[in-house]
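Chemist: Here is the input, now give the coordinates:
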Amino acid sequence: FLKKSAALTSFVLLPSGIWSCAEKKEKVSSDAAKRLRTAHIGVGNMGAEDLKAISSHQNVDVTVLCDVDANNLAAAKKLHPNAKTYSDYRIMLKEMGDEIDAVIVSTPDHTHAPASMMAMEMNKPVYCQKPLTHYVSEAR
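Modeler: Okay, the predicted model is just below:
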């Protein structure tokens, strides 16, 4: 009984599973042509490494760089001359919100939560260095 039930179930479910995979494959291939525009908050030390790693992908455009340290910002700007620069992430997110697809937060720990929360409130996907928050209450 179990063998026959399993065989019948796999026959009934298999065709729909194949079609859903084909649809997903078509969607992925059309989405692959789209470029990801990133905003980087914090571009020194670990932020520089995140910037280097993320920008190495061929479908990524570094659109905005943000750092309070002018030296870090200048070094990152040399690598990405077409990117706009800001020293305040709040102004950057307000002005550039429509021109970015994702936000990378690589700032000192105490600013991870505010920068990430502001980006997430704008419905932007966020990659954040750990820890996201120091306390659970910061994430609520």
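Chemist: where does the protein dip in pLDDT?
Modeler: Within the chain, the stretches with pLDDT under 70 are 1-33.
Chemist: Helices of that one, start to end?
Modeler: With DSSP state H applied, the chain shows helices at 2-32, 46-55, 70-79, 89-96, 112-121, listed in chain order.
Chemist: ok, the residue nearest the centre of the chain - contacts?
Modeler: Geometric centre of the chain, nearest residue: Ala102, 4.1 Å, by CA atoms, centre = their mean. The contact partners of Ala102, by CB atoms under 8 Å, 6 or more residues apart in numbering, come to 36-39, 124-127. All C-beta atoms are positioned from the backbone trio N, CA, C, and that covers glycine.
Chemist: Go again with 10 Å.
Modeler: With contact set as CB atoms under 10 Å, 6 or more residues apart in numbering, Ala102 has these partners: 36-40, 54, 60, 63, 119, 124-127.
Chemist: distance of it from Met122?
Modeler: Applying CB to CB, to the nearest Å, the value for Ala102 to Met122 is 11 Å.
Chemist: Equivalent analysis for Asp88, please.
Modeler: 15 Å.
Chemist: now swap in Pro114 and tell me
Modeler: Pro114 sits 13 Å away from Met122, going by CB to CB.
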